[in-house]
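Participant: how does the following fold in three dimensions:
(3 chains)
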Amino acid sequence: MERSTGYRIDELARRFGLEARGDATRVIRGVAPLRRAQGDQLAFLAHPRYAVDLAHTQAGVVVLRAEHADASPVPALVTKDPYLAYARLAALFENVPPPAPGVHPTAIVAADAKVDPSASVGPCCVIEPGATVAAGATLGPHCVIGADCTVGAQSRLGARVTLVVRVALGKRVLIHAGAVLGADGFGLARDRDGWVKVPQLGGVRVGDDCEIGANTTIDRGALEDTVLEEDVRLDNQIQIAHNVRIGAHSALAGCAAVAGSATIGRDCLIGGGAGVLGHLDIADGVTITAMTLVTHSIRKAGVYSSGAPVEENRAWRRNAARMRQLDGMARRIAALEKQLQALIKERS
Amino acid sequence: MERSTGYRIDELARRFGLEARGDATRVIRGVAPLRRAQGDQLAFLAHPRYAVDLAHTQAGVVVLRAEHADASPVPALVTKDPYLAYARLAALFENVPPPAPGVHPTAIVAADAKVDPSASVGPCCVIEPGATVAAGATLGPHCVIGADCTVGAQSRLGARVTLVVRVALGKRVLIHAGAVLGADGFGLARDRDGWVKVPQLGGVRVGDDCEIGANTTIDRGALEDTVLEEDVRLDNQIQIAHNVRIGAHSALAGCAAVAGSATIGRDCLIGGGAGVLGHLDIADGVTITAMTLVTHSIRKAGVYSSGAPVEENRAWRRNAARMRQLDGMARRIAALEKQLQALIKERS
Amino acid sequence: MERSTGYRIDELARRFGLEARGDATRVIRGVAPLRRAQGDQLAFLAHPRYAVDLAHTQAGVVVLRAEHADASPVPALVTKDPYLAYARLAALFENVPPPAPGVHPTAIVAADAKVDPSASVGPCCVIEPGATVAAGATLGPHCVIGADCTVGAQSRLGARVTLVVRVALGKRVLIHAGAVLGADGFGLARDRDGWVKVPQLGGVRVGDDCEIGANTTIDRGALEDTVLEEDVRLDNQIQIAHNVRIGAHSALAGCAAVAGSATIGRDCLIGGGAGVLGHLDIADGVTITAMTLVTHSIRKAGVYSSGAPVEENRAWRRNAARMRQLDGMARRIAALEKQLQALIKERS
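Facilitator: Reported below is the predicted structural model:
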C-alpha cells in the first residue's frame, strides 16, 4: 500500500537476519497482502488460513517459514517467525512524517507547565498546572494533560487523550484517541442513606513502551497507584480499575476488563472481552481465552478458559435448560452407581 | 413529545400505505407512548409487553396489527409491521433544524483540505491535510478529521468524532459522539525482548447509510481496509478490530466486539456484548444472541447462542461446580450404560 | 499520600462517631495504605486480604472492626464499617482546590444559554442554545452541553463530557471524562430494502448525586426519557440503552450494559460486564454477579448469576464439549433410572 524508497531483497535479508531464496536482486518498495501484492511489494505468510494464497501470489518477495518456501512461486525470505520479521520489515515502508515541534497557537498551556521545545502540542490541547511534556513527545488535537501529569519522552498521544490527574507516562508510550487515564476509581462505601464516595488519592503509572487503545480507561488508584509495567499492550475499550497492577509485556485484547486491586503477572495474554475480578492475582505467563471470567487467583502459568460453546439456538436452549439441573444430574448418577453396585454385588 | 404541523389520519394512511379504522379526520400533531398519548398524538403497539396499555389509551390514533384493531378504543392505523410504520410516521414529527452551512471560526482547517461550502463544521473541529468534507455534511463540535480522510455527502458526525487516518465515509453516514475510526489495529509480534508493533497501513471504509454509535471504535486495517458495507448499523461502545468486514444491512447491538480479520455476512444481527473471534467467517443471515462468543465459522443462516442461564446464586454455585465435572459425568453415564447392559444381557 | 492540616485522633473519633483505642492524642495529617502508612497517617483495614499487613503497620492510627483491634500495634479507631468510616475520614484530607468561577475565554456559549456566574466553564467548552449551567457547576475542558440540556447545581463534569440533547442533570452529579449522554437510542425498524431509523425523541434524566464513569454512554429515550434516579452510581464504559430506568442507589460496575426499556430497581448491584436484556424488570435489592446475562425478569431480591467457572483450558475443552451433549446426557440418565428400576422390581 505504501510506496517509498526501495530496498533489494538481499539487503533486507542482511539487515534483518533472514535467509533469501530465489532472485535476491529485486527491489522492494512497499508491502501488501499475499493475494494482492505486486512485483515490487513484500508480502508475508504466517496464519495457515492464508496458505492457499501463496500459489498465486505475484509479490516481489514473501516472508515465510522454511516449510512453505518450496511452494512459493516468487522469491522468499525465510524465517522461523514470519509475522515478527514482517513487523520489522513493514516499519521500513511506513511513512509517517513526524509532526513539527511546537505548541499550536490554540493550545492552552498553564504558566507553570513544562513543555519541552522539541515536543509537539496539537490544536486546542489543554495542559494544566504542574504538568510536564518531555522531549519529542507528540500530543494530537484536543488532548488534556491534567494537573501534575507527565508525558514521557517520545510518547505519542492521539486525538483527545485525557490524563486526568497524577498520571505519569514513561518513554515511548503510545496512546490512541479517546483514552482516559486517571479518572476516579469506582470506590463507594454504603451508608444507610446511600453511597459515600471514597476519595481516590492515588495516580496512574505507565511504563516505557506501553500502548493503550482507543477509548480505553485506566482509573487512578484509591491510595496507591494503578500501574502498568513496561511494554504492556492494551487494545481498545479496555477497562482497568483502580489499584490494578499489570506486569511487563502482558497484552490485553479489546474490551477486556480488570477489576480493582487485581494483579496480573508478566507475559500474560488476556483475550478479548475477558474479565478479571478484583483482589486476586494472576501469575506470570498466564493466557486467558476470550470472554473468560477469572473468579479466583491463578497461581500457575498456562491457558485458562470458561464459558460454553456456541451452538444452534434450538439445541442451546435444550442444553442450557439442563445446566440448571446439573447438580441434580450428578446426584442421580451417583445414586445410579450405588444402586447398580448393590445389584451387582448381590448377584455375585 | 414533539409538536408540529398537523396531519389528518387519512392523510397519514394514504402517505404511508396504511389502513385507517375509526374517525380518520382527526388531526395528529405529534407522537407519544401508548399510555401517555393525548388526542392529537399518535402511538403505536408493537411489543406484546405493552398490549395492556391499549385498552386505556387516549391517543388520537394507534398504529397496530390487525389482530389488535378491535381492542383499540381510539382510531387505528393498521399494518403488518407497526414498528416500521411508526418509524416513518415519527420522522414527520421530528423537528431538528439543520445546522447552518459554514466553518465555525474556531475550527482549524488545513490549507489543502477540501470543505464543501454547503457543509457545516462545528466549533474547534480540526481538519487535517488532504481531508475532504463533502456537500451537506455536518460535523459537531470538536471533530477531528485526520489526514486523507473523507466525509461523504450528507453525513452527520456528532461531537468529538475522530477519524484518525485513511478513513472514507460514504453518503448519509451517521456517527455519534466520541466514536473513533481509523486508530491503529492491535497488531503485535513477539520478540524475545518484548512486543514489536506491526505497522497498520490500511484504512477504514464505511458504506452509505451506515450508523455508528457513541464511543464505538473501528480500527484501520493492517494492510487492507476494515470495511463496513452499506447500511450497517452499530450501536454504542462496539469494537471492530482491523481487517474486519461486515456485510450490508447487518446490525450489532451495544458492546459487541469483532476480532481481527473476521468477516460477517449481510443481514446479520449480533446481540449486545457478543464476541466474534478473529479469522473466521459468519454467513449471511446469521443471528447471534446477546453475550454469545463465536469461536468458529458459521456457514448457515440461523440463530446461534452460547452461555448459561441466569439463576439464583446458591443454585448456580452448585451447578457451576458440576460444569467442571461434566466430562467425568459423561464417562460415568457411559460406564453405567455398559454395566447395566451387561447385567441385562447376563440375566436374559 | 496527601498531607494537610492535622487532626488529633480523639477529634476524628468525636467527629465521625468512632471509638478510639490507644494514644488518641496523636495528630493525623493524611491517609495511606496499611503497609506504607507513617506515624502521622491514617490507614484502614476492611478487606480480609490485607489483615496480614496489620501486625507490621507503622500507621498513626488504623480504622478497623473491633475483632481486629487487639491485633493492632498502633492506635485504632473502631467501627462496624471501617470502609465507610475511611471514606468520610479520607475526604478530610483530600485537597482539590475548587476551580475559579467564570467562563474560559475559549469557551463558546450560545447567546440564549444560561450560565450561572458562580459556575466554572473550562477551555473550549461548547454550550448550545437553550442550555443551562446552574450555580456552582464545573465543566472541565472540551465539554459539550447540547441544546436544551441542564447541568444542575454543584455538578462536576470532567474533560470532554458530552450532553447531546434533552439531557437534564440533577444536583451534585459527577460525570467523568469522555462520557456521552443523550446520543440517539439504537432504534431501527426493518424494511425490505434495509433499516429505517426510528426517531429518538426522548431525553435523559439523571437524579441528584449520581456518578457516571469515564467513557460511559447513556442514550436518550425513543419517546419517554431514559432515567437514572438519585444516587445511582455507574462505573466506566457502561452502556445504558434508551428508555432504561435505574432505581435510586443502584450501582453498576465497569462495562455492564443494559438494553432498551429494561427497568432496574432500587439498591441493586450489577457486576462488571454483566448484561441485562431489554424489556424486562429487575426488582429492588437484586445483586447480579459479574458477566452474568439476565435473560428474564427477576421478581425477588437476592443474588443471581450465570456463566461457567474458569478452569485449565484442556479440562475446559473436554467439559465444554459435553455442554453440547447435556440434554442427551439428561435423557440417558432418565433411561438408566427406568431400566434399573425395572431390573430391581423384576428381581424382587
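Participant: show me what from the stretch 1-150 of chain A comes close to chain B.
Facilitator: Contact residues, the stretch 1-150 of chain A versus chain B (C-beta under 8 Å from any C-beta of the partner chain): A:1-2, A:31-33, A:36, A:47, A:49, A:81, A:83-84, A:86-88, A:90-91, A:93-94, A:104, A:106, A:122-124, A:140-142. Quick note: C-beta positions are derived from backbone N, CA and C, even for glycine.
Participant: quick check: domain ranges of chain A?
Facilitator: A:7-92, A:103-304, A:314-347 (automatic domain parsing).
Participant: nearest to residue C:267, of the ones you listed?
Facilitator: Residue C:267 lies closest, by C-beta to C-beta, to one member of the domains of chain A: domain A:103-304, at 9.1 Å.
Participant: work out the gap between that closest one and the centre of the chain.
Facilitator: 12 Å (C-alpha atoms, centre = their mean, to the nearest Å).
Participant: again with stretch A:88-97
Facilitator: 20 Å.
Participant: and the contacts of that stretch?
Facilitator: A:2-4, A:7, A:12, A:16, A:29-31, A:42, A:63, A:77, B:196-199, B:201 (C-beta atoms under 8 Å, 6 or more residues apart in numbering or on different chains).
Participant: which among these count as buried?
Facilitator: Buried subset of the contacts of stretch A:88-97 (neighbour count, 16 or more other C-beta atoms under 10 Å in any protein chain shown): A:2, A:7, A:12, A:16, A:29-31, A:42, A:63, A:77, B:196-199, B:201.
Participant: can you give me phi and psi for the spatially closest residue to residue A:7 that is not a sequence neighbour?
Facilitator: Spatially, and ignoring its direct neighbours in sequence, residue A:7 is nearest to residue A:28 (5.5 Å; C-beta to C-beta, 6 or more residues apart in numbering or on different chains). Here is the backbone geometry of residue A:28 (degrees, to the nearest 10): phi -110, psi 130.
Participant: just the ones in strands from the buried ones among the contacts of stretch A:88-97, please.
Facilitator: Counting by DSSP state E, the buried ones among the contacts of stretch A:88-97 place A:7, A:30, A:31, A:42, A:63, A:77, B:196, B:197 in strands.
Participant: is the host helix or strand of residue A:338 up against chain B anywhere?
Facilitator: Taking DSSP states H and E as the criterion, the element that holds residue A:338 is helix A:326-347. Yes: applying C-beta under 8 Å from any C-beta, one finds that helix A:326-347 is in contact with chain B at A:326, A:327, A:329, A:330, A:333, A:336, A:337, A:340, A:343, A:344, A:347.
Participant: so what secondary structure elements neighbour that helix?
Facilitator: If you count contacts as 3 or more C-beta pairs under 8 Å, 6 or more residues apart in numbering or on different chains; DSSP states H and E, helix A:326-347 packs onto helix B:313-323, helix B:326-347, helix C:326-347.
Participant: take the residues of the stretch 1-150 of chain A next to chain B and keep only those in strands.
Facilitator: Reading strands off the residues of the stretch 1-150 of chain A next to chain B with DSSP E, I get residue A:31.
Participant: of the residues of the stretch 1-150 of chain A next to chain B, buried ones?
Facilitator: Neighbour counting by 16+ other C-beta under 10 Å classes A:1-2, A:31-33, A:83-84, A:86-88, A:90, A:93, A:104, A:106, A:122-124, A:140-142 among the residues of the stretch 1-150 of chain A next to chain B as buried.
Participant: picking that back up, so which of the helices and strands packed on helix A:326-347 is nearest residue C:219?
Facilitator: helix B:313-323 (29.9 Å).
Participant: need the contact partners of the closest one.
Facilitator: For helix B:313-323, contacts defined as C-beta under 8 Å, 6+ apart pick out A:323-327, A:329-330, B:308, B:310-311, B:329, C:287, C:289, C:302-309, C:319, C:323.
Participant: could I get the buried residue list for that helix?
Facilitator: Applying 16+ other C-beta under 10 Å to helix B:313-323 flags B:313, B:315, B:316, B:318, B:319, B:320, B:322, B:323 as buried.
Participant: can you redo these as a markdown table with pLDDT and distance to residue C:227?
Facilitator: Formatted as a markdown table, the buried residues of helix B:313-323 follow (pLDDT from 0 to 100; distance: C-beta to C-beta, whole Å):
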| residue | pLDDT | distance to residue C:227 |
| --- | --- | --- |
| B:313 | 96 | 28 |
| B:315 | 96 | 32 |
| B:316 | 95 | 30 |
| B:318 | 96 | 37 |
| B:319 | 95 | 35 |
| B:320 | 94 | 34 |
| B:322 | 95 | 40 |
| B:323 | 94 | 38 |
